[in-house]
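>>> can't give you the sequence, but here's the structure:
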């Protein structure tokens, strides 16, 4: 099964230290047959360093989901209060690693769990890998 998974990043190498929804970019990878390939960089067009935005704002979840449309999952070091909203659209994967490369290795090692969670639809839960 092919999976398209985005990784929240600001620099294209490291995962975003803050909530994944605050990432400047999402690097999208295709996972298929024990291989991965970089597909594209999606800019988080709604990205703003505006501290006045309320945590868990539904509008922020909607804008992040829009950028991640047609994907199967999103991986990052942490998620904010919108985790529940995003989980209805895609598999949210908390990765306790620093680089996208290391996160990719965790995805490969846990691909079956990700597929199982994807198949649950809106009832899916987030996953944590370290």
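Received it, and whenever you're ready, just let me know what you need. Just so it is clear, the structure is predicted and the values come from calculations on it, not from any experiment.
>>> so what touches the helix or strand of the chain with the lowest mean pLDDT?
None of the helices or strands of the chain scores lower by mean pLDDT, DSSP states H and E than helix 58-67, at a mean of 79. With contacts defined as Cβ atoms under 8 Å, 6 or more residues apart in numbering, helix 58-67 is touched by 20-21, 26, 42-46, 53, 82, 85-86, 89-90. Every residue, glycine included, has its C-beta placed from N, CA and C.
>>> buried sites along that helix?
Buried residues in helix 58-67, counted by 16 or more other Cβ atoms under 10 Å: 60, 61, 63, 64, 65, 67.
>>> ok, the helix or strand following it: who's next to it in the sheet?
Following helix 58-67 in sequence order, the next helix or strand is strand 73-76 (DSSP states H and E). Using DSSP bridges, strand 73-76 pairs in its sheet with strand 3-9 (parallel), strand 91-95 (parallel).
>>> and the contacts of the longest one?
It refers to strand 3-9. The contact list for strand 3-9 (Cβ under 8 Å, 6+ apart) reads 15-16, 20-32, 39, 42, 68, 70-77, 91, 93, 100, 103-104, 107, 111, 114-115, 118.
>>> now do it against helix 58-67, angle only.
130 degrees (axes from the mean of the first three to the mean of the last three Cα atoms, to 10 degrees).
>>> tilt between the helix or strand that strand 3-9 is followed by and strand 3-9?
Per DSSP H and E, the first helix or strand lying C-terminal to strand 3-9 is strand 25-32. On the basis of the same axes, to 10 degrees, strand 25-32 is oriented at 150 degrees to strand 3-9.
>>> strand 25-32 packs against which elements?
strand 3-9, strand 35-43, helix 100-109 (3 or more Cβ pairs under 8 Å, 6 or more residues apart in numbering; DSSP states H and E).
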